[in-house]
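1. Show me how the following folds:
(chains A, B, C and D, ligands or ions: 4)
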Amino acid sequence: MTQETLLIGLAGVLASAAPIVFAVLGETISERAGVINLSMNGTILLSAMGGFAVAYNTNSLWLGFLAGALIGALVALIVAFASVTLQQSQVAVGFVLALTCRDLSYFLGNPYMGLTGPRLTATPIPFLSDLPIVGVLFFRQDAITYLSFISIALVWLWIYRTRPGLVLQGMGEKPAAVYIRGGNVNALRYVYTIVGGALIGLAGPAFSLAIRAGWMGTISGLDGVGWIALAITIFGGWNPARAAFGAYLFAFLQWLGLVLQSTFTEIPSQVLQVAPFPLMILTLLFVNIGNTEWVERMLALLPEPTRKFFAKLLRAMRASPPAALGAPFERD
Amino acid sequence: MQIELKRIHKHFGKVHANKDINLLIPSGAIQGILGENGAGKSTLMKILSGFIQADSGSEIILDGKRITIDSPADAIRFGIGMLHQDPLDFPPMRLVDNFLLGLPGGLLLNHKKAMQDFAALAREFGFALDPESYVDTLTVGERQQLEIMRLLFLGARVLILDEPTTGISAAQKEKLFATLKKLSAQSITVIFVSHKLEDVENLCGRAAVLRGGELVGELQAPYETLKFVELMFGKVVTLGEKQSLAQEALTLSLNNVALEDARIKIKHVNLDVRAGEVIGLAGMEGSGQDLFMRACAGLARTVGGRIQFKGQNLTGKSYHTFKRHGVNFLPAARLEEALVPGLNLMEHFILAEHPSGIFIDQPAGEKLAAERIQSFNIRGGPLSNIESLSGGNQQRAELALLQTPLDLILLEHPTRGLDIESVIYIWGKLKERCQQGASIIFISSDLDEILQYSDRILVFFAGQVSNPIEASQTSVEQLGQLIGGKGWADA
Amino acid sequence: GQPAATQAPATSAPANEPFVFGMLYVGPYNDNGWSQAQYEGGLYVEKQLGAKMLYLDKVNPADRPGTTPDQLAEELVAKGAKLIIFSSDDMKDGANAFAKAHPDINVIMTSGDQVWADGKNYTATPNMTNIMGRMEYGKMIAGCASALSSKTGQIGYLGPLINDETRRLAASAYLGAKYCWEKAGKNAADLKFKVDWVGFWFHIPGTTTDPVQISDNFYTTGYDVVISGIDNPVNLGEAQKQTAEGTPSFGLAYDYVAACEAAPDVCLGTPYFNWGPEYTKAIASAQDGSWKSQFIWLGPDWSNINNLDTSLVGFENGPALSADAATAVKSFIAELAGGLNLWTGPLNLQDGSAYLKDGEVATDQQVWYLPQLLEGMEGLSASK
Amino acid sequence: MLKARLKNLAFQLAALILAFGAVSIILISAGASPWEAYKNMFLGSFGSVRKFAEVLVAFVPLLLVTAGLLVTFSAGLWNIGVEGQVVMGAIVTTWVYRLFLESGWNPALIIVLAILGGMVGGAIWAALTGLLKTFGGVNEIFGGLGMNFVATAWTIYLIFGPWKRPGVASMSGTEPFPDEFSLPLLANLRLSPWALALGLIAIVIIYFLLQGTYFGLRLKAVGKNFRAAYLLGIPTWRYSLYSFLICGALAGAAGAVQVAAVYHRLLPSISSGYGYLGLMVAMLINYQAIWAVPVALLFAALNIGSIQLPIVMKLDSSLSGVLQGALVLFVLLMEGARQKLIKRAS
Ligand SMILES: Nc1ncnc2c1ncn2[C@@H]1O[C@H](COP(=O)(O)OP(=O)(O)OP(=O)(O)O)[C@@H](O)[C@H]1O
Ligand SMILES: Nc1ncnc2c1ncn2[C@@H]1O[C@H](COP(=O)(O)OP(=O)(O)OP(=O)(O)O)[C@@H](O)[C@H]1O
Ligand SMILES: [Mg+2]
Ligand SMILES: [Mg+2]
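-> Ligands and ions are numbered 1, 2, ... in the order given. Below you'll find the predicted structure:
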C-alpha cells in the first residue's frame, strides 16, 4: 500500500471514529458528574433513526443533527430524573433505556427503512487541506468530523482548565464538598448528564447522516456500537483525551481487520473486530489490580527493593473512577 | 458580625434534633457550643451554614437583618463559613485545586494567582502547606488549616468549627486556637462546637449547652466544670474506678514486626500482650496506629518480623485465620465496615455464629437475638434493621456480635460519637471480657479514655512507636507531647 | 418432534374465495434487495392468480429471537395460508421440518437444493419445490459492465459470507469482467478483481467487517467499481459520496430490479431476480392439483432477459452506464444467449490447482459447489 | 401495614397504566389501534394450545436465566455478562454433541452430557468475569459486556469457520443434529416437558436457596456490605464466585436448552437475547424469586404474541420490546416516587 492510500485510509479511520468520539466524550462528562448513562446503545440507535427521519422530512442535515442531540438529551433527562431526583439505580434505569430505545427505534423507524435521505459530504478546508500529510489526514473531512476534533479539545479544556470544570471534577469525587462550596450538585448533575446525553445523541446522526448513511433497522449495523463506546469510555479512564484516543484505536483496528483480511488469512476475521473488548478488560485489569487484596499480600512477601519497585509501578498504573460515580447525593 | 437564632426547630423524621433554640452571638465573640452526642450541635450549625434547612418558623437574624439561608451558597454570600465535623475536601486533588474549587472568578482558572494568594494566606497564619501536594497526604489538622484558609479567603465573617479538635495533635490544637483568637481579634465571629470541656474552657469567652436538641443553658468564662457537666448530661457523672485485670498468660506477642502501606512505614515493633490486659493506642490520625491494629488482626500484611498468638505463629495469615484463633476486630465505621444495612439484628447474630447446616433455624435465631438484645440492652427488636438503630445502639449491637470464647479484641474508636453513659456501659461490657481472659487493644483520639481504661499505652507518631508506657505513670500532658512528636528521646 | 399437522385441507379452495399463500422473507420486505425482490414476486402472483399473500419479514434469529421459520410458517398457516414460500437459503432447516410436518401443505424453498436429485443434499420431499435463478449470468453481465466502465481496471466485489453460492457468484462476476476486459482489447494482466467479505449478510459491530468500510476502502484504494454481493447495496451510497468528493466511482446493486434507484447517478446496473413468473406457475400447479416436486434452476429468458413475465434472471442497466458500454453489454448478452459459456476450461482454482481442463465445460454440480475462488481473483476462498 | 401494602399496589398499578398508556400513544402516533395491537398480541400467545406451547418454549430459557440472575443480584452483582454465558452454554452443548454424534452411544446419555456441558460452559464463562472482578478488580458490568462480545464473535467464527456445514455456511447455523438427539418434545408441539421441568425446578431451588438457607443469608450479607461480611467471617470472594458459578450454570442451561430442545444446532444470536431480557425480568420483579414465573411468562408471551403484529397489522414486532421496557422503566420510576413520598411523609 502506498503512502497516499495509507494516509487516505487513516483519514477514513479518523472520520469513521467521529460518532464514537462524540459518544465517549458525552459519557465521560456524564460520569465525571457522577452519573453513569448506560443507555448509550439505545440512545445512539434512536437518535440515528430520529436524526435521519427529521433530515429526510425537512431535507435539512442540521435539523437532523439537532434532532439527534435532542433525543440524546431527552433520554439523558430520564436517566437524570430517575437517578438524581428519584435516586433509583443508575445502572438499572440506563440498562432498561438501552434496550427500550433500541426497540423503539426499530418500531418507529420502520417507515424510513432503505430510503435515501440527505448526506453530509467532505468540505476540504482551503490551504490547510493542501498541506502534506496533515492536510489529507485532518483537513479533508466532513463538518461533523471537524466538530468531533473540536469537541475533544473543548471538553478537555473545560474539565482541566476552567472553574466549572474544576467543580465538575470535584462532583465526581465528593458531591457534599462541592455542595458546601456553593455548588448545586443535583442541578449540575442534571446539566452535565443532559449535555453528555446530547453529545451521545450526536453520534446517531453522525452515523445515519454521514458515515453509514440511511436507516436500515436491524441491519443498519449500529446495534452494539453503544456498548463499544461504553467500553472505550472506561478504557479512557474518564479523561476525554484518552477516551478519544480509545475511539480512534478502535476504528483503526476495524480498518486493520479489513486491510489484513486477505493478507493474514490465518487470523479469523473476527479477532481484530472484537479486539477492543479484551483490550478494555486488560486496561481495567492493569489499573485496578493494584488495589486488590491478594496483590498486596504478594507484595508483602517480596524483599524490600523489589517490593518498592512493584508498589511504585502499581501505584503509577492505578486510575480509579470518580469516587462518587453512581451514588446519589443526599444532604441529610 | 452578630448572629441571632430565633425559635430554631429541626425534625428528622421522628427525631426532634433541634427544639426551639434561641441564641444570640455577639460580633467577634468566640462562642462555644457544647453538648453530649446527638444533642443537636451539628444540626444547628448545619442549619446556620445552609447545609440543611430548619423547619418553618425558625428565624436567623444577621446584624439585625432577618435572612433566609437556603443553601451553602447563600451562607457564603452572607459571609458564613463552616468547617464540618468530617473534613469535606477532595483527597485525590491538589491543595491548590481544593483551594480554588468554589472560589468565585472568571471562566478560566488562574493557577499563578491562586498560588500567590495561597502562599500569602499560609504565611499570614504560619501554616506550612505545599499547594502542589495532594490532600490525601495531609493530616486531619492540616486539612482543617486548608479549609480555614479557603473559608477566610472566601471572606467569611462568621467561622463555624464543628468538633475541630477530634484527632489533631496537641501542637496543632495550640496553633488552631492561636489562629482562632487572632481571627476574633479581627472581629470575625467564631463558633466552636465540641463536647470537650477543657477545649471550650481554654478558648471560648462564652458557651451554650445543648441537650436532647434543646438549649439548656448559657455560661460565660470563667466556668465551673461541674456546672458544665450537669448541664450537658442533666446530672453529674463520674467514671468508674480504674482497675487492671491483667493476668500472666501471654496472648499476643510481636517481635520485630515491620509494616508499611502507601503512606506510613513502621519498623521493629516488639510487644507482649497478657491475657486480660488492655493496651491503648494513642496518636494523631494516620500516625500508624490503625495500620498496626489491622496487622494484629491479619488485615494488614507484615513485611517483617513474627506475630505469635498464644504460641502459634500467625505471621502473614489472613483475618479469618486470626478469627478462628479467637481474635475479633471491630472497626470504627459501623455502617460501612462492621454492620450490614438491610439486614436485621437477628440475621446479624446468626451470621456471627457461623452456624453449620443448610437451612436456617428460625426459632433458634429469634431466641439468640432476643437474649443478645436483652443482655446488651439494645433499643430495638430482633427484626429491626440495623441502620434504623441509633449510633449507640449500633455500637452495642457490634459488641453483641463478638464471638465467645475470645482471646483478643481489637477496637477502633470504640466509643467515638457516643455520650458518656454509653461509654461507661460499653467499657463495662468490655471489662467483663477481660475478666474472662480476653486482651484488648484499642485506638482512641480521646486521651482521657486511653488513660482511664488502658493498662499500658503505645504512642504513635509518623510511624514511630513508643515503648509500652504504664498508664498509671503518665499523664494527658506527657501523651499530648509525644503525640505531637515532642520528647521522644526518653520515650 | 413433529409440529402439529394442521387441519387445513390440501384441496384447493372454492373459486369464489382467493387462494392464500404465505411468504417468509429473511430481511425487511423493503430492503431494496433480495427480500424486496421476493415481495414483488409475491405481489405479481397476487395479480396474476387473484390469490392472496400473507407474509412475515425479518425471519431470522436476530430479528425474531427464539423463533424458528417452521414455527412462523405455522403462524401463516393458522391465518389460512395453503402454500408457504421459504424465500431464503437460511430457512432451509425450517423448511425441511415444516414440509415434513405438513405433508398436506406445499412448500417452495427458494435457492435450496433439497429436492435436486443430482444434488448433494437430496431428500425426496413430494410437497417441496426448489426454485433458484442462475444468477451466474446476471453476475457475468455485472462483471462485464464493471470491466467496461472501470478506468483503473480495479474491480471490487463486496461479498457477504463465504459459501458455495457466494463463491460461484463472485467467480461469475470475475469471468464476465475478464471476458469483456480482454474483448475490449485490454491486457488481462492489468485487470484486478478483489473480493472482500463482510463475514455475514450485514454488519454486526464488534464481530464482522463493516461493508461501508469495505466499499470506502475499495474506492479510496483505486477500485473505481464495486459490485455488491450483499442484500442491500451500501456500496452505491459510498460511490455517490466518493463521486461527490471528486473521485468518480461506480457501483452495481443486486437482487432487486429497482435497486439502482437508491443512487442512480453512480449505478451501472443491477443483476436481479424476477420471481413472479416461476412462483405463479408453481402456485397455479398447487391450485389445480398438478403440483409436483421439482428442482428449478433457470437462466434468463434469452429472447429478452428483462421480460418481467418470462425471465427469472435479468440485468437492468443503470443510468451511469455509458452508451458505448451499454451497447457492449448488449452484445455480450447476445453472445451468452448464443451459447457462450464462460464456465469453460482452462480454468484453475485460486490455489492454482486445475478446475476445468482446456475445453471442459463445468457441470451444474461443479458450478453450484465451487470449492474456491478462481485463479486471478484476490480475496479469501474460505473463512478461517 | 395493610395500608402500606395497598399504597404499594396503587403505585405498581399506576406504573402498569403508565406503561400501557405510553405504548398506546406510540401506537397511535404510528397510526395503529392500541386495542387491536394488544388483542392480537394476547391471541397470538394464548389463542391456541400450539401458541401457548410456543410461549412456554420461550419461557423456559428466560426463566432459567432469571433464576440465575436472582443469585448474582442478591450477591450485589450486576451480571450483565449473562448474555454471553447463555451463548457459551450453547457453544459447549453443541461441541459436546459434535464430539459424540458418531460415538453410537445412547442418545439420552449424550443429551444429558451435552446439557451438563452447557451448564459447565456457562459457569466457566461466568467464572472468568467473576475472577476478573474478585482478583482483578474489574467491575463485572464492563468485564461482562466484554465477554458477551467475545462470545458472540466466537459463535460467528465457529459457524462460518470450523463448524460450518458442508458448503453453505449461513445464518441458519451449523448442521442440525438428527431428531433423536433432541430433548423429547410433546407430540405435535415444539415444547419439551423436560426443559420446562428443568426451568421450574431451577426457580424453586433458587427460591429456597435465597430464602431459607444460611448460604442465601451469607450471600445477601456479601451483597449488601462486602466489607462487613468479610469481617463477620464470611469468605466473601468465594461467595461472589459461587454466585457467578450458579448464575453461569443456569444461563448455560438456558443456552443448552436452546440447542438441545429448540434449534438442534448452533446459530448466530442463539441466546435470542434472553440474557438481557432476564435482567429486565429480574428488575421488574424487584429481585423476588416468588414473582419470577408469572413475569417471565408474561415477557415470553409478549415476545411470541408480537409476531402477529407484522402479519396482521403490518407493525414491527419490536413493539413487544418497547412494552417490556416501558413496564420495567415505569415500575422503577414509580418505586422511586413511592420512596420519595414516604421520606416526605416522615
Ligand atoms: N440526617 C439525619 N437524619 C436523621 N436524624 C439525624 C440526621 N442527622 C442528625 N440526626 C439526629 O439528630 C440528632 C442530633 O444530631 P447531631 O449530629 O446534631 O448531634 P451532635 O450534637 O452533632 O452529636 P455529635 O457530638 O455526635 O456530633 C441526633 O439524634 C441525630 O441522630
Ligand atoms: N442518618 C440517619 N438517618 C436516619 N435516621 C437517623 C440517622 N441518624 C440518626 N438517626 C435516628 O436518630 C435517632 C438518634 O440517633 P443518634 O445516632 O443521634 O442517637 P444518639 O442521640 O446519638 O444516641 P446514641 O448515644 O445512642 O448515639 C435514632 O433513632 C436514629 O434512628
Ligand atoms: Mg450519636
Ligand atoms: Mg456533630
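2. can I assume B:Ala246 is in contact with B:Ser454?
-> No - if you go by CB atoms under 8 Å, B:Ala246 and B:Ser454 don't touch, sitting 10.5 Å apart. From N, CA and C alone the C-beta is placed, and that goes for glycine too.
3. out of those two, which sits in the more crowded spot?
-> Neighbours were counted for B:Ala246 and for B:Ser454 using other CB atoms under 10 Å in any protein chain shown; B:Ser454 has more, 26 against 16.
4. Leaving out chain neighbours, which residue sits closest to the more buried one?
-> B:Gly280 (3.2 Å; CB to CB, 6 or more residues apart in numbering or on different chains).
5. sorry, back to before: if I look at B:Ala246 and B:Ser454, which residues touch both of them?
-> Jointly contacting B:Ala246 and B:Ser454 under the rule CB atoms under 8 Å, 6 or more residues apart in numbering or on different chains are B:Val278.
6. List, one by one, the residues from chain D near chain B.
-> Neighbours of chain B within chain D, by CB under 8 Å from any CB of the partner chain: D:212-215, D:217-218, D:220-221, D:224-225, D:227-235, D:346.
7. 7 Å instead?
-> D:212-214, D:217-218, D:220-221, D:224-225, D:227-229, D:231-233, D:235, D:346 (CB under 7 Å from any CB of the partner chain).
8. right, and D:Ala151 touches D:Val87 too?
-> Yes - here D:Ala151 reaches D:Val87: they are 4.1 Å apart, a contact under CB atoms under 7 Å.
9. Compare neighbour counts for the two and give me the winner.
-> Taking other CB under 10 Å, D:Ala151 and D:Val87 do not tie; D:Val87 has more neighbours (32 against 27).
10. So the strand or helix carrying B:Ile148, near chain A or not?
-> Using DSSP states H and E, B:Ile148 sits within helix B:140-153. No - using CB under 7 Å from any CB, helix B:140-153 stays clear of chain A, with a minimum separation of 8.3 Å.
11. Helices - which of the residues of chain D next to chain B land there?
-> Among these, the members found in helices (DSSP state H) are D:Gly212, D:Tyr214, D:Leu217, D:Arg218, D:Lys220, D:Ala221, D:Lys224, D:Arg227, D:Ala228, D:Ala229, D:Leu231.
12. quick one: which two of these are the most distant?
-> Using CB to CB, the two most remote members of these are D:Gly212 and D:Arg227, lying 25.9 Å apart.
13. which residue packs closest to the closest residue to ligand 4 within the stretch 1-150 of chain C, ignoring adjacent ones?
-> The stretch 1-150 of chain C approaches ligand 4 most closely through C:Pro65 (56.0 Å), counting by CB to the ion. Of all residues not flanking C:Pro65 in the chain, D:Ser272 sits nearest, at 3.5 Å (CB to CB, 6+ apart).
14. again with D:Leu210
-> Excluding its sequence neighbours, the residue lying closest to D:Leu210 (CB to CB, 6+ apart) is D:Gly216, at 4.2 Å.
15. Kindly report the same for C:Ala362.
-> Counting by CB to CB, 6+ apart, C:Trp343 is the residue found nearest to C:Ala362 once chain neighbours are left out, at 3.9 Å.
16. and that neighbour, what is it in contact with?
-> Contact analysis of C:Trp343 by CB atoms under 7 Å, 6 or more residues apart in numbering or on different chains lists C:Val361, C:Ala362, C:Val367.
17. give me that answer again for 10 Å
-> C:Trp343 makes contact with C:136, C:140, C:168, C:171-172, C:175, C:355-356, C:360-364, C:366-367, C:370, C:374, according to CB atoms under 10 Å, 6 or more residues apart in numbering or on different chains.
18. Give me the buried subset of those residues.
-> Among these, those buried by neighbour count (16 or more other CB atoms under 10 Å in any protein chain shown) are C:136, C:140, C:168, C:171-172, C:175, C:355-356, C:362, C:366-367, C:370, C:374.
19. which one of the residues you listed sits closest to chain A?
-> Nearest to chain A among those: C:Leu374, at 14.9 Å, using CB to the nearest CB.
20. Show me the domain layout of chain B.
-> Domain ranges of chain B: B:3-233, B:250-483, per automatic domain parsing.
21. Distance to A:Leu258 added to the ones you listed, as TSV?
-> Below are the domains of chain B laid out as TSV (distance: least, CB to CB, whole Å):
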stretch	distance to A:Leu258
domain B:3-233	41
domain B:250-483	46
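22. hmm, back to that, tell me the first helix or strand C-terminal of the helix holding B:Ile148.
-> Assigned by DSSP H and E, the successor of helix B:140-153 is strand B:158-162.
23. Tell me if that following strand is near ligand 4.
-> No - remark: strand B:158-162 sits outside contact range of ligand 4, by CB under 5 Å from the ion, the gap being at least 5.8 Å.
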